[in-house]
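S.K.: from the sequence below, what's the structure:
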Amino acid sequence: MTAAPSDATALTSVLVRLKLSLLRNGLRQSAGRRAAYIASVAFALLFAALQLLGLVLLRGDRHAATVCVLLVAVLALGWAVMPLFFPSGDETLDPTRLVMLPLRPGPLVRALLVASLVGIGPLFTLCLATGAAIALAHGVAGAVTGVLATVLALLLCVALARYFAAANIRLLTSRKGRDLAVLSGLVIAVGAQLVNFGAQRLGSSGPSTLDPAADVVRWVPPAAALGAVDSVSEGAYVTGAAQLALSAAALAGLLALWRRSLTRLMTTPDGSTLAAAGPEKGASRASGALGALLPAGRTGTVMERGLRYVWRDPKTKAAWVTSLAIGLIVPVFNALQGTGSVYFACFAAGMLGVLMYNQFGQDTSAFWMVAMTISTTRDAYVELRGRALALLLVTVPYAVLVCVLTTAMLGDWPALAEVVGLSFALLGAMLATGAWTSARFPYSIPQEGYKNVAPGQAGLAWISIFGGMVAAALICAPVLACTIWLHAAGAAAWSWVLLPVGAVYGCGVAELGVRTAAPRVARRLPEILVAVSRG
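M.R.: You can find the predicted model right below:
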């Protein structure tokens with residue numbers, strides 16, 4: 001038995017009003033949220049208008065088809081991926097909220113699809129698809145095809161987001177899903193570097209280098225719909241009809257897959273937490289093996305606890321993965337672009353050294369258990385030393401790896417020793433300043449949401465991180481001055497001396513920083529606990 005058309009229309013109307021109500025009630029929560037939403041709407045509309053104008057001005061250019069097809073393909077990829085990293089951005093993406101209602105999959109798919117057209121994202125997509133169609137359409141047949149292509153592209157983008165959200169909603173609402181969402185910053189950072197790299201290559205070689213890729217992508221929906229506009233405008237009606245048919249078939253297939261996912265999701269029990277509830281035997285064995293390799297006593301316990309945070313805590317894991325990725329991306333991408341330097345490899349040590357800052361913030365309110373074990377300056381010193389050693393366990397080999405890789409890509413092997421020495425000196429300086437700022441400027445890290453600083457503590461975070469980075473650069477000045485002097489005096493052949501000098505200097509300043517910070521930690525335990533418990 002299927003729902004009557006009037007029932008399907010009523011359901012669509014209800015879900016559209018529900019979407020509007022969720023939006024309206026969300027804006028009523030606070031003035032800050034309203035201001036942020038209005039600012040985002042204004043920015044999105046301005047950017048959409050500029051995109052629309054730019055695509056219209058592209059009309060008649062010989063590379064217009066290449067740009068438009070690839071632009072729509074990238075936009076569709078964003079629609080498919082973003083719900084995986086921002087699952088809480090739209091409450092209606094979670095169909096399990098409707099599981100107790102007597103709804104059939106067919107009308108529900110149509111209603112959710114229409115409701116999904118309400119928002120900033122669909123409006124932006126509509127503007128971009130319209131601009132691309134205007135840039136490619138010539139003649140009456142091209143204009144008609146452009147209208148159909150715009151509608152198909154918009155529906156395909158929205159259906160992509162809905163299908164991937166429904167197919168992965170069990171994951172997105174689990175602990176692994178929260179880890180995935182927190183890693184969105186890494187995706188943005190890597191994507192920005194890829195866009196920068198692509199823009200530089202495109203600027204040097206011209207849009208013609210993208211033509212082979214566009215010839216393939218124009219047969220991949222929803223870019224195929226815009227490819228149909230170009231084909232019909234050039235008189236290739238059969239090709240255009242095939243591309244339109246391919247896009248329509250892709251939409252129908254996507255809706256069918258979405259309907260099947262909804263049926264399975266709303267008729268099967270939620271077992272997403274069964275595996276998490278069971279004992280993590282592999283993790284226990286790995287933890288036991290790791291504990292056997294670590295030093296005995298409090299130092300080994302602190303190191304193991306820090307490594308557990310890296311593996312289990314979403315915010316700590318995101319910070320580590322982001323630092324590891326960006327520390328590698330910056331020197332490698334600059335080397336690939338031909339504008340790099342072996343000294344960019346020090347960026348890896350700097351990114352990982354930042355992880356030493358606000359060491360107690362990752363403990364949140366559980367810091368009271370650590371505080372109960374600290375009664376003397378010696379206890380505080382061992383605590384800080386264990387946290388620094390846990391960081392060094394990963395940072396030292398990783399910094400050496402990035403230095404070797406960057407040097408190999410640039411072919412400047414004589415500079416390897418001095419770059420590694422500078423990295424060690426910088427890392428030691430950042431461990432020293434990180435230990436001190438952790439004691440002097442602790443702040444809370446909220447466990448929920450995407451903010452890494454609790455409200456009202458942003459100033460502490462800025463002082464801690466940027467003040468510590470400036471201080472670390474000043475502490476590294478002697479090793480840097482020695483490097484400059486060796487090159488200025490024509491004694492570059494002795495630059496290998498900087499490797500042991502940098503290593504010894506880094507160890508010395510790190511030890512001095514930890515010893516200096518330990519008395520302050522022992523005296524300020526109550527203040528630190530209050531500061532890190534606000535999230």
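S.K.: and the residue nearest to Gly506 when sequence neighbours are not counted, how close does it get to Gly513?
M.R.: Of all residues not flanking Gly506 in the chain, Gly428 sits nearest, at 2.6 Å (Cβ to Cβ, 6 or more residues apart in numbering). (Glycine included, C-beta is placed from N, CA and C.) Distance, Gly428 to Gly513, using Cβ to Cβ, to the nearest Å: 8 Å.
S.K.: and Ala35, by the same measure?
M.R.: Counting by Cβ to Cβ, the gap from Ala35 to Gly513 is 41 Å.
S.K.: what about these two, which has more around it?
M.R.: Gly513 (26 against 11; other Cβ atoms under 10 Å).
S.K.: wait, what's in contact with the residue nearest to Gly506?
M.R.: 505-510 (Cβ atoms under 8 Å, 6 or more residues apart in numbering).
S.K.: quick check: of those, which lies closest to Met409?
M.R.: Gly506 (24.6 Å; Cβ to Cβ).
S.K.: how many neighbouring residues does that closest one have?
M.R.: 28.
S.K.: from the middle of its chain, how far away would whichever strand or helix holds Ala44 be?
M.R.: Assigned by DSSP states H and E, Ala44 falls within helix 31-57. Distance of helix 31-57 from its chain centroid, counting by Cα atoms, centre = their mean, to the nearest Å, is 22 Å.
S.K.: and the next helix or strand past that helix?
M.R.: Taking DSSP H and E, what comes next after helix 31-57 is helix 64-85.
S.K.: got the angle for that following helix vs helix 31-57?
M.R.: 160 degrees (axes from the mean of the first three to the mean of the last three Cα atoms, to 10 degrees).
S.K.: helices and strands around the helix or strand just after helix 64-85, which ones?
M.R.: Remark: after helix 64-85, the chain's next helix or strand is helix 105-115, criterion DSSP H and E. Under the contact definition 3 or more Cβ pairs under 8 Å, 6 or more residues apart in numbering; DSSP states H and E, helix 105-115 sits against helix 5-27, helix 139-167, helix 237-267.
S.K.: those: which one's closest to Val332?
M.R.: That would be, of the helices and strands packed on helix 105-115 and by Cβ to Cβ, helix 139-167, which comes in at 29.9 Å.
S.K.: buried residues in the closest one, which are they?
M.R.: 142, 145-146, 148-167 (16 or more other Cβ atoms under 10 Å).
S.K.: avg pLDDT for that helix?
M.R.: Regarding helix 139-167, the rounded mean pLDDT is 89.
S.K.: check which helices and strands that helix sits against.
M.R.: Using 3+ Cβ pairs under 8 Å, 6+ apart, helix 139-167 sits against helix 64-85, helix 105-115, helix 120-136, helix 223-233, helix 237-267.
S.K.: re earlier: reformat the helices and strands packed on helix 105-115 as JSON lines; add distance to Ile329.
M.R.: Formatted as JSON lines, the helices and strands packed on helix 105-115 follow (distance: least, Cβ to Cβ, whole Å):
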{"stretch": "helix 5-27", "distance to Ile329": "35"}
{"stretch": "helix 139-167", "distance to Ile329": "26"}
{"stretch": "helix 237-267", "distance to Ile329": "33"}
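S.K.: quick one, which of these is nearest to Ala224?
M.R.: helix 237-267 (4.4 Å).
S.K.: neighbours of Glu304, how many?
M.R.: 17.
S.K.: which of the helices or strands spans it?
M.R.: Applying DSSP H and E, one finds Glu304 within helix 298-312.
S.K.: list the buried residues for that helix?
M.R.: Across helix 298-312, burial judged by 16+ other Cβ under 10 Å covers 299-304, 306-307, 309-310.
S.K.: in TSV, list those along with pLDDT.
M.R.: Output for the buried residues of helix 298-312, formatted as TSV (pLDDT from 0 to 100):
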residue	pLDDT
Thr299	86
Gly300	87
Thr301	88
Val302	89
Met303	89
Glu304	87
Gly306	86
Leu307	87
Tyr309	83
Val310	82
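S.K.: and those, which is closest to Leu226?
M.R.: Val310 (44.4 Å).
S.K.: ok, the closest one to Thr395 distance?
M.R.: 12 Å.
S.K.: got a pLDDT number for the closest residue to Ile475 other than its chain neighbours?
M.R.: Distances taken as Cβ to Cβ, 6+ apart place Ala429 nearest to Ile475, at 4.0 Å, with adjacent residues excluded. The model reports Ala429 with a pLDDT of 93.
S.K.: helices or strands next to the longest helix seen in the chain in the packing?
M.R.: Secondary structure of the chain per DSSP state H: the longest helix is helix 377-410. Identification of packing neighbours for helix 377-410 by 3+ Cβ pairs under 8 Å, 6+ apart yields helix 298-312, helix 314-336, helix 346-353, helix 416-440, helix 498-523.
S.K.: per-residue pLDDT, Phe347?
M.R.: pLDDT, Phe347: 86.
S.K.: burial measure for the nearest residue to it once chain neighbours are set aside, as a count.
M.R.: Once flanking residues are discounted, Phe347 sits nearest to Val330: 4.8 Å by Cβ to Cβ, 6+ apart. Using other Cβ under 10 Å, the number of residues around Val330 comes to 21.
S.K.: can you check the one 10 residues further on too?
M.R.: Other residues within reach of Gly340, judged by other Cβ under 10 Å, total 19.
S.K.: is it true that it touches Thr406?
M.R.: Yes - at 7.0 Å, Gly340 counts as touching Thr406 under the criterion of Cβ atoms under 8 Å.
S.K.: hey, what's in contact with both of these two?
M.R.: With Cβ under 8 Å, 6+ apart, Gly340 and Thr406 have common neighbours Pro331.
S.K.: follow-up on the earlier one: got the buried residues of helix 298-312 as JSON lines, with distance to Trp485 columns?
M.R.: Shown next, in JSON lines, are the buried residues of helix 298-312 (distance: Cβ to Cβ, whole Å):
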{"residue": "Thr299", "distance to Trp485": "38"}
{"residue": "Gly300", "distance to Trp485": "41"}
{"residue": "Thr301", "distance to Trp485": "44"}
{"residue": "Val302", "distance to Trp485": "39"}
{"residue": "Met303", "distance to Trp485": "37"}
{"residue": "Glu304", "distance to Trp485": "43"}
{"residue": "Gly306", "distance to Trp485": "38"}
{"residue": "Leu307", "distance to Trp485": "39"}
{"residue": "Tyr309", "distance to Trp485": "41"}
{"residue": "Val310", "distance to Trp485": "39"}
